[in-house]
Structure formats: structure tokens, C-alpha cells
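What follows is a predicted protein model with its sequence.
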Amino acid sequence: MSSCATKDPSAHSAAINDAQIDDIKVEYHKSSRRPTHIYSFENFKRNERTVDLDLLTPEPWKPFKTRLDFEVAEVIHEAKLNSKLTDRLLKAVHKILQKPCDFTLDSSADLNRYWQSAKMYYPSFTTEEITIPYKGQPKTFEFHSRPLWDWILSQVRDPLLAPHFEWDAQRLSKFDGTKWVRFYDEPWTASKFAEVQSHISSVRPDGKPLAIILWADTSVLSTFGTQKGHYIVARIGNLPQSIRNGNSVGGGRVVGFVPIVGANAAEQGKPSFVNWKNAVFHEAFRAFLKIVARLSKVGQVVHCGDRISRVLFPYIHILSADYEEQCRFALIRGLGGNAPCPVCLVPKGTLSDLRTRYAYRVAAEVQELVHKVESKKAKEAALKPLGLRAVKNALWDVENSDVHEATSFDRLHAYIIGLFQKHLLPEIKTLLEDMGRWAETTFDEGFQNMERWPNLSHFTHGLFKMDFSDGKKWEHASKILLHVAYNIFNQERSLKGFALLRLFRSWQELNTYLTFEVQTSVTISAFERTLLRFHDRLAAYNQHCEGDAEVKNWDGVIKIHSHLHAARDIRRKGVIANMDTKVNEKMNRPMRETYHRQTNFKNVEPQLGKFDDRDQAAVSIRAHLDALDKQENLVHTGLPKEPKSIEWQFAQVYLGSRQKPTDFKDFAAQAAHDDAFIRFRQKLTDCLTDLIPRENPRGNQLLLNRRARNTPTIHNSDKASFIVTECEYLKVDYESTVSWRTATDRLYCRPSRPGRTERCDCVMVQMSANDVTFARLVRLFVYFSEGNRYALALVHPFTADRAARDGDAELGLCRIRVQPRRSSMIIPVRSIICGVLVVADNENDEEYTIMDTLDQDIFLRLMPLFPNRDMEII
């Protein structure tokens with residue numbers, strides 16, 4: 001962080017009097033003895049800390065003999081080559097190697113010896129046996145895991161990561177002009193981290209919390225589903241999200257494989273067998289957490305990567321898992337139990353009631369109940385009303401860790417492939433089928449005709465008959481759906497369909513709120529109010545379903561209930577991205593690739609662990625090499641990128657894909673048939689009056705030679721030429737309204753040409769201090785005059801005046817109307833704020849809707865511009 005004046009935390013009123021709008025206040029935990037700081041917004045920098053390169057080893061490629069040995073081994077590892085292919089590659093390398101003395105690897109066996117040696121430097125997988133009796137007979141399983149505390153120490157002691165660890169709780173606030181508004185992002189900015197630090201400081205004043213984030217899930221490895229893997233992935237919550245959720249050092253790592261218990265048909269589903277399977281799960285976790293559980297009570301002095309010794313107390317901050325795995329962690333009976341939520345005691349059959357709050361589960365109370373009741377039958381009678389299983393929970397052993405509180409909202413499974421894919425979308429499809437083929441066709445055509453946009457999937461074949469296993473595609477489909485369905489389900493055609501779309505729109509808003517990278521007390525409250533609106537709209541939709549042959553039972557859908565705890569999760573543990581399973585689900589693909597390419601398909605866990613050990617070593621060595629290369633300004637991983645020419649950077653906008661420079665006359669003549677070029681010369685003159693002085697230093701004046709209506713020529717008194725360079729790509733940087741960090745939109749302005757379709761994206765434009773409009777790019781060009789360059793855009797504007805229709809407000813639609821093509825105008829590109837995706841109305845060529853749920857920034861940015869919508873405006 002940048003330095004600034006320190007202000008006395010006790011002088012609260014004085015701080016407010018001195019504060020400026022958007023100032024940031026950082027209050028540290030009292031045990032840290034760090035003073036409160038107030039930063040100007042411009043000086044508040046997060047996660048921009050430098051590494052002390054003197055702490056790095058000069059030869060990070062060890063145990064490999066040379067750097068070149070490691071780099072070849074790294075390629076072989078990433079390509080997941082088997083032994084035969086490795087030997088062939090190494091033979092080929094030796095044939096073409098110019099300096100054989102620098103390369104010492106001879107075979108895959110030689111390479112394997114080096115990877116084996118790497119275990120001395122990095123914690124590797126070990127195997128232990130766990131035994132759990134079933135029906136009086138001991139049953140033994142192998143549990144393969146990487147010692148969790150050893151892995152944590154390898155991260156804490158890494159000098160590359162040392163500057164990025166945060167050891168003290170922080171309370172962050174932003175001044176809005178009248179008051180300080182609290183905001184949350186990383187785990188240490190939320191209340192759980194602070195509470196743990198308070199508890200630790202009462203035991204050991206210099207103790208520091210170490211927040212552990214765990215994910216577990218079962219994944220199919222083999223093509224036909226016969227081989228599965230039950231992974232445990234760990235992350236450290238004291239590292240920033242950009243590192244913690246990344247793929248380099250400090251990112252998540254597979255740390256264990258839970259034994260998979262098979263069952264025959266006679267045993268499957270029996271309560272005794274299900275309880276035993278859960279006991280196996282928790283016995284494995286008990287072994288896995290044994291050292292962490294002990295240290296959570298007494299702490300351990302650790303010499304960290306910055307050469308400072310700290311007393312660390314580990315605890316479980318977040319359990320990231322889908323509902324099935326949450327039931328295992330919390331030891332509840334699932335949807336068949338009397339209380340099917342792992343977090344609270346909501347009764348079965350009332351899951352859709354979002355206006356009633358039930359008591360939270362407390363692990364200490366459950367533990368006391370289990371210990372107090374001795375007989376198996378009495379335990380069953382005491383725990384069954386609470387929906388719990390009579391199994392000792394392994395997480396009870398870890399201090400400051402409540403399994404029910406650590407269980408976190410899972411946006412991927414609860415929202416994207418849950419409420420949307422499995423519940424709301426099938427309701428919509430059923431209504432489309434009832435309305436006939438035209439409705440299904442119109443629905444699919446809307447997806448097919450959607451304008452392309454960066455990082456938004458294109459549905460070439462529509463959506464109605466499609467199915468995907470990719471959660472990202474389902475999320476993208478959820479952004480598009482409303483804009484292709486609102487004309488089908490209007491109030492004249494289907495009141496039930498319109499009620500369903502109102503419900504879906506509330507879900508869209510909830511989902512968008514939960515993607516926020518930074519949450520404030522204001523946005524969290526808005527989410528909670530939207531949740532009540534969702535509840536009311538669900539009740540309204542259910543009224544329209546009365547009398548149907550089949551009525552959906554929303555009270556049997558746990559995902560309709562789970563988001564009731566999302567706001568609490570944010571306040572307690574930080575933003576949803578800290579706990580989302582999506583980043584962990586990405587681990588499945590490399591594991592499947594390793595299984596198919598590098599194992600013999602037998603006893604696969606040790607083999608998967610061995611190759612993950614190699615991956616851990618390769619990632620760490622590579623990160624250290626890159627850091628040393630950066631220090632020495634060397635590039636060993638490929639040719640450096642061509643530096644971006646500042647000649648084409650105009651304020652926050654960069655223009656690329658430049659075409660051959662042309663004379664102004666030829667440039668204008670290319671589009672003589674386009675009404676957007678009508679009065680082009682006058683529009684250019686009007687724009688340039690804001691950019692060029694009325695009389696330039698040379699005293700020349702701009703003159704217009706009106707030889708033809710659409711082929712203007714501009715010249716000045718000394719007959720100098722005017723050159724135009726057309727550009728087809730625009731990159732605009734802007735400050736996100738959510739995270740307050742720089743965001744980037746990549747936009748295109750490519751006119752149609754033989755063999756190429758047109759793509760001209762839309763933008764939000766700052767016309768004046770208080771005037772914002774929307775427009776479609778027609779041409780991007782740089783105009784050269786008398787040694788000066790002017791980056792300009794010819795745009796086709798929209799208007800929001802009188803564009804709204806009945807029903808738009810209830811669906812949250814931002815409707816705009818295109819102006820006549822001849823109403824085009826020329827603007828400086830620096831007036832472009834960001835890109836916007838607009839969707840054509842399939843019943844009115846002049847109307848469009850803006851996709852406000854495309855991303856978190858545009859969602860907030862459009863709120864004050866379309867304030868009359870039936871939604872929370874903040």
C-alpha cells in the first residue's frame with residue numbers, strides 16, 4: 001500500500017470532518033497494534049507488494065542439475081507424456097542440441113529420479129491406513145494425502161508469497177460524503193477472521209490466524225464412469241484472491257484423496273451403511289486434520305518467508321462444496337431429513353419460505369448433545385429431529401472452526417446449474433412447448449442471432465434442445481434468456497409466462513449481486529431486499545400454476561433456500577468468490593488428463609498423487625525462475641510481446657487493427673452509400689471545434705470544399721494533405737463501479753467486406769458532465785492534421801426517451817430506441833466510457849434492450865440511468 005498520514009482511530013468525528021469523498025479507512029485488529037489509516041482513493045493500493053528477491057535461492061531449478069534440464073522436464077510434465085514418449089523426445093533433443101554439455105537427461109528413468117528428489121524440497125503424498133468397523137468386522141482403507149500442515153508451511157515460508165500474506169483482520173470503509181460505508185472482499189476484511197484473531201490473542205497475544213479453505217468433491221475419471229476420484233483441495237485464506245485462486249505458487253493444491261466406499265445393491269441406501277460411509281469420510285478427515293487440530297489450540301512458531309517469526313494458529317475458515325458434500329461435512333441426512341439445511345434448522349417442507357429465519361446450527365451444541373447421550377438408540381432419537389447423523393464430526397477437533405458456519409454458499413451448484421439450469425429453465429421450456437413450435441423457434445433464433453461479445457458464449461444451435469456440462473455456458477445462457485423471451489411471454493400472450501420471467505429477473509439480479517468482487521453494506525442490503533422480492537414473485541408465480549396437472553414443489557428444492565445464507569456468508573467470510581466451487585471444479589480436468597495419459601488405470605490414487613507432486617515442484621520452480629528472470633530483465637520463456645505503441649494510445653483508449661492510411665476523400669468515399677456519412681464534413685468540423693483551436697498557431701483555418709454530398713474533402717489554406725487511418729479494434733480501460741479497479745473492454749468496429757460479416761459494437765459515451773448516451777460504432781479513425789492526431793469515432797446514437805414499454809419496469813429492461821441513421825455524430829474516442837451489449841427486439845427493428853446483467857460493472861452503472869425499473873436502485 002502507498003503510504004499516507006496516519007489518523008488517530010479514537011478521533012472518529014475528526015476523521016469524518018477531514019475525510020474526502022471516496023477516502024478509504026483501514027482499521028486493523030487491536031491485537032496487531034497497527035494504527036488506523038485513512039487513504040485517499042488514488043493512494044489506496046491493494047495486492048501491489050514487491051518481493052524481496054534477495055531472499056530467493058539463486059538456483060531454484062534444484063534438484064535438477066541445470067536450468068535447461070528442468071525446462072525440458074517441465075515441458076514433458078505439462079504435456080503429460082508417458083515413459084515411451086519421454087524417451088523418444090529426449091533422444092530427439094540430444095540429436096539437435098547444440099550444447100550437449102548443458103543437458104544431462106538421458107531417459108525417462110533419469111527424469112523420474114530428479115522428480116523423486118524434488119520430494120525433499122516439497123511436501124509429497126503419503127499413505128496411511130484407516131480402519132472403521134462395519135457390522136462388527138474391521139474394514140481398512142488406504143488414505144492418500146499430502147500432509148496439510150507441511151504444505152501450509154511450504155507456502156508460508158516461500159519468499160515469493162511472503163509480501164502477500166495478510167496476518168491481521170481489517171475493517172475497511174469508504175467515505176460517501178456523509179458517512180463511512182463498510183466494504184468486504186478478502187477473508188480478513190470480514191468478521192469471522194477478526195473474531196478468531198480476538199480469541200487467539202486472548203490465548204497468545206502475538207498469535208496470528210491462518211485461515212484454511214477446503215474443497216472436496218467426487219469426480220468421474222474414466223470415460224464410462226467406473227473410476228472416480230474424491231479430491232480434497234486446500235487454499236490459504238491469508239493470501240489475496242488473485243493469488244489464492246490462481247494456478248501458480250500460492251494457488252490451490254490437491255492435498256488428499258478420500259477413500260471411496262463401494263456398495264452392493266443389498267447395502268446401498270440402508271441407514272447403517274450410509275452412516276458407516278460418513279464415518280469413513282470423517283475418519284479420513286480426522287487423520288488429515290490431526291496436526292492442524294492440535295496446532296489450532298497451541299499454535300506454532302513459524303519462520304516465514306519474509307524472515308519474520310510468527311505464531312500461527314490454523315483454523316477452517318471456509319468449506320467449499322456442493323450440497324451432497326456439505327451433507328457429508330455437516331453430517332446431516334440431506335433432503336430426507338427433518339432439517340435439510342447444513343447451516344440452519346429450517347424444517348423440511350418450508351424451504352421456499354424466505355421471509356422466515358430459523359436458528360443457525362452451532363457445532364459446539366451438536367458436539368455437546370452427542371457426548372451427553374451415550375447409547376446408540378438414544379443418540380438416534382436425539383439427533384433425528386435435527387436431521388443429524390450419529391457420527392463424530394472430524395472438524396470438531398479444530399479450534400475456532402464451526403463446520404456449519406464454515407459451510408458456504410455455492411453459487412455454481414445452487415444458482416447456475418441449480419436454480420437456473422435444473423429448475424427455472426425447465427419451467428420456461430415447458431411453457432414454450434405449451435405455446436407451440438413458433439415459440440420454441442423464436443426462442444432459439446434469439447440465441448442464434450445474439451451479437452457476439454468477448455467472454456460470452458455464442459449459441460449457434462440455440463438453447464431449447466441443447467445440453468451442456470459446462471457451468472460457464474449455462475451462466476452465459478442465463479444472461480441472454482430474458483432478452484429473447486420477453487416478447488414471447490408478454491402479458492397479452494401469457495400471464496403465467498410473464499410471472500415466470502419476473503421471477504427469473506429477480507434471480508438474475510441476485511446472481512449478479514453475488515458476482516461482485518467488492519461488497520459494501522449497501523450492496524449486501526440490496527441483495528437481501530431483492531431476495532424478499534424473489535420470494536414474493538415466487539409466490540405470485542405459484543398462484544398462476546394452481547390447477548395445473550403438475551405443479552412444481554419448490555419446498556423440496558434446497559437451492560431455493562440456500563441463498564438465504566449468502567449475505568451472512570459475505571459479512572462473515574468475504575465475497576462469494578472466496579467460497580465458490582467454480583475455481584476448484586477446474587481441478588477435475590487436469591486430474592482426468594493425468595488419469596488417461598499417465599496412469600495404468602489400477603490403484604490410481606498413488607499415481608495421481610505422484611504426478612501432482614511433480615506439478616507442485618514444477619510450478620514452484622517456474623515461479624522462482626520467472627522472478628529471477630524479471631530481476632535480470634531476461635526472457636527465457638519465449639519472445640517478448642511487441643510493446644504497444646503509445647502513438648495509438650489516446651487517454652484511456654487504445655486503437656488497434658489499423659488499416660492502411662488513406663486520403664480523407666478516399667476514406668469518406670468508401671461509405672458513400674451509408675446515410676451515417678451524410679453531412680460528414682460538418683459533423684467532423686463540429687467535433688474538431690472542441691479539439692482544435694479556432695485559430696491554430698500557424699493561423700490556418702479549416703475550410704470545407706463541398707464537391708459532393710457524401711465525399712467531403714477537408715483542406716486548409718496552404719493546401720496541406722489530410723490523412724486518415726481507419727482502425728477496427730478499440731481497447732478501453734475504465735474504473736469498475738464495483739471493485740474500483742481498472743477494468744477493460746475490447747471492442748470491434750469492422751465494416752462488412754467480401755468474405756467478412758460486419759461487427760460494430762456498442763458503447764456508452766460521456767457527452768458532458770451530466771449526459772450519458774449509448775451508440776453503435778460505425779467507423780473508428782485517426783485524423784492527421786498539421787502534425788496533430790485526433791482519435792475519432794463515427795457513431796450511430798440511441799435514445800432512451802419514451803422507449804420503455806408496459807412490462808419493461810417489472811422485467812428490469814433497459815430499453816433504448818435507435819435514431820435515424822443520418823443522425824450519426826462524430827465523437828472523440830476518449831469520451832467512450834465502456835462497451836455495452838445491446839439486443840435487438842425481434843418485433844421492432846428500432847428498439848433494443850441493454851444487457852445489464854452482462855457483468856457487475858454495467859449492472860451498477862445503468863441503475864441511475866434507468867431508475868424507474870422495479871428493482872433495488874442503489
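Here it is on my side, so go on.

roughly how far is stretch 480-497 from the heart of the chain?
Remark: stretch 480-497 is offset 30 Å from the chain centroid, using CA atoms, centre = their mean, to the nearest Å.

try stretch 245-258
17 Å.

what's the span of it, first residue to last?
22 Å (CA to CA, to the nearest Å).

can you pull the buried residues of it?
Buried positions in stretch 245-258, judged by neighbour count with 16 or more other CB atoms under 10 Å: N245, V249, G250, G251, G252, R253, V254, V255, G256, F257, V258. (Glycine included, C-beta is placed from N, CA and C.)

Quick one: mean pLDDT over it.
Average pLDDT, stretch 245-258: 94.

Please apply the same query to stretch 659-667.
Mean pLDDT, stretch 659-667: 85.

what do you get for stretch 571-589?
On average, stretch 571-589 scores 93.

So which of the buried residues of stretch 245-258 belong to strands?
Under the assignment DSSP state E, the buried residues of stretch 245-258 contribute R253, V254, V255, G256, F257 to strands.

so V839, which of the three states?
strand (DSSP: H, G, I helix; E, B strand; the rest coil).

can you count the residues close to it?
20 (other CB atoms under 10 Å).

and the closest residue to it other than its chain neighbours, how far is that from T853?
Once flanking residues are discounted, V839 sits nearest to H483: 4.0 Å by CB to CB, 6 or more residues apart in numbering. Using CB to CB, to the nearest Å, H483 is found at 10 Å from T853.

The two: who's more crowded?
Per other CB under 10 Å, whichever of H483 and T853 has more neighbours is H483, with 24 against 21.

how about the more buried one, what does it touch?
Residues in contact with H483 (CB atoms under 8 Å, 6 or more residues apart in numbering) are G446, L813, V839, T849, M851.

Return the backbone torsion pair for the first one.
Taking degrees, to the nearest 10, you get phi -60, psi -40 for the backbone angles of G446.

Nearest spatial neighbour of it, chain-adjacent residues omitted?
V484 (2.6 Å).

Now do the same contact list for the spatially most central residue of the chain.
Centroid-nearest residue in the chain: A577, 5.8 Å away (criterion: CA atoms, centre = their mean). By CB under 8 Å, 6+ apart, the contact set of A577 is Q241, N245, T515, E517, V583.

what about 7 Å?
Counting by CB atoms under 7 Å, 6 or more residues apart in numbering, A577 touches Q241, E517.

could I get the ones in strands among the buried residues of stretch 245-258 as a markdown table with distance to F273?
Formatted as a markdown table, these follow (distance: CB to CB, whole Å):
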| residue | distance to F273 |
| --- | --- |
| R253 | 32 |
| V254 | 28 |
| V255 | 28 |
| G256 | 23 |
| F257 | 21 |
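
got a pLDDT number for N700?
Value for N700, per-residue pLDDT: 41.

hmm, I was thinking of Q98
pLDDT, read off for Q98, is 61.

likewise V261?
For V261, pLDDT reads 91.

so it, which of the three states?
coil.

Which residue comes closest to it once chain neighbours are left out?
K277 (4.8 Å).

can I assume that neighbour sits in a helix?
Yes: according to three-state DSSP, K277 belongs to a helix.

For it, grab the count of nearby residues.
20.

just R34 next, same as before
The burial count for R34: 14, using other CB under 10 Å.

contacting residues around it?
So R34 contacts Y28, D168 (CB under 7 Å, 6+ apart).

returning to that earlier point: out of the buried residues of stretch 245-258, who's nearest L501?
Nearest to L501, judged by CB to CB, of the buried residues of stretch 245-258 is N245 at 33.6 Å.

thought that closest one was touching N584?
No: N245 is not in contact with N584 according to CB atoms under 7 Å; the separation is 9.0 Å.
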